[in-house]
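S.K.: Just a sequence and a predicted model for now, questions to come.
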Protein chains: 2
Amino acid sequence: MNTDLLFFCKICREKSRGEIDEVKCTIEHTVKRYRKGEYIASQGDKVSSLYMLTGGKVKTEIIADSGLTLSVEEIAAPYPLASAFLFADNNRFPVDVIALEECELMLVSKESIEKQLAECPEFLRGFMAFIANRVRFLSERLKIFSQRSIKAKMAYYILQREKNGAFELGRSIASLAEYFVTDRPSLSRAISEMARDGIIEFESGKGKILAYNEMKELLG
Amino acid sequence: MNTDLLFFCKICREKSRGEIDEVKCTIEHTVKRYRKGEYIASQGDKVSSLYMLTGGKVKTEIIADSGLTLSVEEIAAPYPLASAFLFADNNRFPVDVIALEECELMLVSKESIEKQLAECPEFLRGFMAFIANRVRFLSERLKIFSQRSIKAKMAYYILQREKNGAFELGRSIASLAEYFVTDRPSLSRAISEMARDGIIEFESGKGKILAYNEMKELLG
DNA sequence: TTACAGGTGTAACGAATGTTACGCCTGCCC
DNA sequence: GGGCAGGCGTAACATTCGTTACACCTGTAA
C-alpha cells in the first residue's frame, strides 16, 4: 500500500506507515508507469477511474480536431487528474495528458472510490475538501474576470481585502498582473491613475482607500 | 419528508412519494422560512449546514467592509446554496444571501450530509455530480477568459466545436458576447474582421475555418 | 397592410489596453 | 566598489475595445 497515494485522507497522511496498516483506509488500485512523452490520457477518453499522479510531472493540452494546441498547464505529483470529471455527467477528459518525465499513476476505479468514500469518513472529507476548494478557487477567479476593466479588477481586489480603509496587496504587482491576465505596465498605470485621481493611496504593497464612492463607480 | 429536498438523489427524484418512503434516503433536516428582504446568511458566516433552497428566490451580494455592493446573482429554488463551501477548508459564506420573496430553506447538518453520503450511493453520486458539473462549468468559463482578446476567445470557442473545419455557434451572437463579457458590436466586428482576413467564413450561426495557421496565432 | 420587437452588420470616435523601451531602486554576490 | 538581477514606474505609440447611433432583415401581432 502506497501511502503517497492517500492524498485525500488526512488520517492516512498524518500517520506513519505502520499505523496506516491498522487503519481501514485501504483502496484497491493498480499502478501504471509512463515514460517521458507518453500519452496518459487523450481528450475525450472516458474517465472511469481516478487518475492519481503519484510521481513525476505531466502537462495537459487541448487539441482541436485540426491539431492546434490551445493551452498548456503543468501538474506535478502528487495530484489527482480530472478528479471532478470522474463524477460529472459528461465524464470525459477535457484535455490530453502527456508525461513530461518518468511518471507513476495510481488508478482507482470509480466503484472503489465510492466504496472508500462510504467507508472512510476522513477520505470522504478529504475528497470533498479538495473539490470544494477547487470550486472556491475557480469562483473567486471568475469574479475577478467578470470585472471588465483593469481598474475595476483592482477595485474589486482591494475591496475584498480592505480593513478599515486600509489594504495590502499580498503579492507583487507583476504577479497580480498575471492573476488579472494583463500586463505589468498596464496594471502599474492603472494603479498610478487611481492614486493620481485621489481614489487610493498606494506605496510598496500597502495602501488606503480615499474615495469610496469613486471606487464604487469603477465596479461593474 | 419533503421529496423536493432530495435534489441530489436520483432514486428519490425518480420515484413516487410512496416508493420513496420505502427507500432509505431519509435525511435529518430542519425547515426555515424567510420573508422578502430577510438575510438568510451573511458574508463570513460559518457554513456548517447545507442550505437547500426549496422554495422562492434569493439574491447573493458581496459587500466590502465599506458597504459597497460588488456583485449580484439570482438563484431560484430548488438549488443548494454554497454546497461546495460546506466542505471547503475556509467554510464561510463568500456572499450575503437575501430573500427576494417568501423563501423556504432546508437545513441539513454537515454530519447528516456525511452520513447520507456514506449510506446512500445514489445520494453520493448525485451530490458529487452536482459539484463536479460545477467545476466543469467554471473551468470551461475560465479557459475562455484566459484568452485575452475577443478574437482569441472566438478562435478558442470555434476550435472547441469544430468538426472537419466546420462549426456552429449554437447560440446567438448577442448571447455569445455576453458569455465573453464583451459587447455585441465588438464581437460582431471581431467576426467580421476574421472573415475579412480570410481566417473563417461565417453566416447565420454557421461557418468554416479557412486558415488554421492564422487561427493559431490568435490564441494566447 | 402596418407596426413592432429581436437579432444582426457597420461606422466613427474616444477610452482603455498592449507593447516596447528606458531608467530607477534595492539587495546580493563577487 | 562594481556588476547584476528582480521589481517597479513611466512614457509614447499602436492596437483593441467600448459606446453610440443607425440601417437592415425577419417573423409576428394588430
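M.R.: Received the coordinates, thanks.

S.K.: show me where chain A has helices.
M.R.: Along chain A, counting by DSSP state H, helices occupy A:10-14, A:17-22, A:110-119, A:121-145, A:150-161, A:173-179, A:184-196, A:212-218.

S.K.: in the longest one, what counts as buried?
M.R.: Applying a neighbour-count criterion of 16 or more other CB atoms under 10 Å in any protein chain shown, the buried positions in helix A:121-145 are A:121-136, A:138-139, A:141, A:143-145. Using the backbone N, CA and C atoms, a C-beta is placed for each residue, glycine as well.

S.K.: Equivalent analysis for the fifth one, please.
M.R.: For helix A:150-161, the buried set under the neighbour-count rule, 16+ other CB under 10 Å, comprises A:150-160.

S.K.: filter those residues down to the ones near DNA strand C?
M.R.: A:150-151 (CB under 7 Å from any atom of the strand).

S.K.: Which member of the buried residues of helix A:150-161 is positioned nearest chain B?
M.R.: A:Leu159 (3.8 Å; CB to the nearest CB).

S.K.: on that earlier part again, least trustworthy position among the buried residues of helix A:150-161, going by pLDDT?
M.R.: By pLDDT, A:Gln160 ranks lowest within the buried residues of helix A:150-161, coming in at 88.

S.K.: right, and it touches B:Ala64 too?
M.R.: Yes - applying CB atoms under 8 Å as the test, A:Gln160 and B:Ala64 come out as touching, 6.8 Å apart.

S.K.: circling back to that earlier point, would you reformat the helices of chain A as TSV and include distance to DNA strand D?
M.R.: As requested, the helices of chain A are exported to TSV (distance: least, CB to the nearest atom of the strand, whole Å):
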stretch	distance to DNA strand D
helix A:10-14	31
helix A:17-22	39
helix A:110-119	40
helix A:121-145	12
helix A:150-161	11
helix A:173-179	4
helix A:184-196	3
helix A:212-218	12
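
S.K.: picking up where we left off before, would you reformat the buried residues of helix A:150-161 as a markdown table and include distance to chain B?
M.R.: A markdown table is the format used below for the buried residues of helix A:150-161 (distance: CB to the nearest CB, whole Å):
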| residue | distance to chain B |
| --- | --- |
| A:Ile150 | 12 |
| A:Lys151 | 14 |
| A:Ala152 | 10 |
| A:Lys153 | 11 |
| A:Met154 | 13 |
| A:Ala155 | 9 |
| A:Tyr156 | 6 |
| A:Tyr157 | 11 |
| A:Ile158 | 9 |
| A:Leu159 | 4 |
| A:Gln160 | 7 |
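
S.K.: of all the helices of chain A, which lies closest to A:Thr30?
M.R.: Nearest to A:Thr30 among the helices of chain A is helix A:110-119 (10.2 Å), distances taken as CB to CB.

S.K.: what about that closest one and chain B, touching?
M.R.: Yes - counting by CB under 8 Å from any CB of the partner chain, chain B has neighbours in helix A:110-119: A:114, A:117-119.

S.K.: Okay, domains of chain A per the record?
M.R.: A:3-140, A:147-217 (automatic domain parsing).

S.K.: Who are the contact partners of A:Ala99?
M.R.: Counting by CB atoms under 8 Å, 6 or more residues apart in numbering or on different chains, A:Ala99 makes contact with A:34-40, A:56-58.

S.K.: Please read the previous query as pertaining to A:Pro121.
M.R.: B:114, B:118.

S.K.: For chain A, name the helix or strand with the lowest mean pLDDT.
M.R.: Between all helices and strands in chain A, the lowest mean by mean pLDDT, DSSP states H and E belongs to helix A:17-22, at a mean of 57.

S.K.: wait, doesn't A:Glu38 sit right on A:Asp96?
M.R.: No - using CB under 8 Å, A:Glu38 is not in contact with A:Asp96, being 11.2 Å away.

S.K.: Same drill for the two, tell me which one is more crowded.
M.R.: Legend: neighbour count by other CB atoms under 10 Å in any protein chain shown for A:Glu38 and A:Asp96, higher for A:Asp96 (20 against 13).

S.K.: Now do that one against DNA strand D, distance only.
M.R.: 27 Å (CB to the nearest atom of the strand, to the nearest Å).

S.K.: And that residue, how close does it get to A:Ile62?
M.R.: A:Asp96 sits 7 Å away from A:Ile62, going by CB to CB, to the nearest Å.

S.K.: which residues touch the residue nearest to the spatial centre of chain A?
M.R.: With distances taken as CA atoms, centre = their mean, A:Arg134 lies nearest the centre of chain A, 5.6 Å away. By CB under 8 Å, 6+ apart, the residues touching A:Arg134 are A:84, B:135.

S.K.: repeat that with 10 Å
M.R.: A:Arg134 makes contact with A:83-84, B:84, B:88, B:131, B:134-135, B:138-139, according to CB atoms under 10 Å, 6 or more residues apart in numbering or on different chains.

S.K.: Out of the domains of chain A, point me to the one whose mean pLDDT is lowest.
M.R.: Comparing mean pLDDT across the domains of chain A, the weakest is domain A:3-140, with a mean of 81.

S.K.: sorry, back to before: reformat the contacts of A:Arg134 as CSV; add distance to A:Ile191.
M.R.: Converted to CSV, the contacts of A:Arg134 look like this (distance: CB to CB, whole Å):
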residue, distance to A:Ile191
A:Ser83, 37
A:Ala84, 36
B:Ala84, 32
B:Ala88, 31
B:Ile131, 37
B:Arg134, 33
B:Val135, 33
B:Leu138, 28
B:Ser139, 30
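
S.K.: Spatially, which two of the residues you listed are the most separated?
M.R.: Going by CB to CB, the pair spanning the contacts of A:Arg134 furthest: B:Ala88 and B:Ser139, at 16.8 Å.

S.K.: what residues do A:Glu38 and A:Asp96 have in common as contacts?
M.R.: A:Val58.

S.K.: beta partners for the closest residue to A:Ile191 other than its chain neighbours?
M.R.: Computed as CB to CB, 6 or more residues apart in numbering or on different chains, the closest residue to A:Ile191 that is not its neighbour in sequence is A:Phe202, at 5.8 Å. Beta-bridge pairing of A:Phe202, defined through DSSP bridges, involves A:Gly207.
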